[in-house]
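S.K.: Okay, sequence plus prediction incoming.
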Amino acid sequence: FQLQASGGGLVQSGGSLRLSCVGSGFNLDYYAVAWFRQAPGKEREGVGCVSRSAGDTYYTDSAMGRFTISRDAAKNTAYLQMNSLRSEDTAIYYCAVSKMGWGLSTHHYDYWGQGTQVTVSS
């Protein structure tokens, strides 16, 4: 059972990145998926989440209108498309999955990817 997050990098303010979260050893479609981030010196915070196969999504106010979470069942992958990036989006981004619940509380999530660094330069 493994989650692999990737796609981070250095981007200028206003730019875009797409993060990927690939599941192996399990069917990602049966799990809710969330993206969290943690900036230096700050607590981990939720960004957005998608429910199991019904595909409902929820975003924080900061992410709403700029970030989009999607799934590709054939690739067993979830994505976080981030547009109009700002310097305050700089953080390590983590994906996580939950079999039973969903939302943006970390306690819902059973398995976590290793994180991918996103740096937005102003």
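M.R.: Ah, there it is. Residues are numbered from 1 along each chain as shown.
S.K.: Just the element for the residue most central in space within the chain, please.
M.R.: By Cα atoms, centre = their mean, the mean C-alpha position of the chain lies nearest to Trp35, the distance being 2.6 Å. With elements taken from DSSP states H and E, the one containing Trp35 is strand 32-38.
S.K.: contacts for that strand?
M.R.: 19, 21, 44-52, 67, 69, 71, 78, 80, 89, 91-98, 101-104, 106, 108-109, 115, 118 (Cβ atoms under 8 Å, 6 or more residues apart in numbering). Bear in mind the C-beta positions are built from the backbone N, C-alpha and C, glycine included.
S.K.: Rounded mean pLDDT for the following helix or strand past it, please.
M.R.: Using DSSP H and E, the helix or strand that follows strand 32-38 towards the C-terminus is strand 45-50. Strand 45-50 shows an average pLDDT of 96 in the prediction.
S.K.: list the helices and strands the helix or strand that comes right after strand 45-50 packs on?
M.R.: Heading C-terminal from strand 45-50, the first helix or strand you meet, by DSSP H and E, is strand 57-59. The elements that strand 57-59 packs onto, with contact taken as 3 or more Cβ pairs under 8 Å, 6 or more residues apart in numbering; DSSP states H and E, are strand 45-50, strand 67-72.
S.K.: List the buried residues of the first one.
M.R.: This points to strand 45-50. 46-50 (16 or more other Cβ atoms under 10 Å).
S.K.: Now flag whichever of those residues is closest to Gly9.
M.R.: Taking Cβ to Cβ as the measure, Gly9 sits nearest to Val47 out of these, at 16.7 Å.
S.K.: Correct me if wrong: the closest one contacts Leu80.
M.R.: Yes. Using Cβ atoms under 8 Å, Val47 is in contact with Leu80, at 7.0 Å.
S.K.: which residues do those two both contact?
M.R.: With Cβ under 8 Å, 6+ apart as the test, Val47 and Leu80 both reach 35, 67, 93.
S.K.: Now do the same for the first one: its pLDDT.
M.R.: The confidence metric pLDDT takes the value 98 at Trp35.
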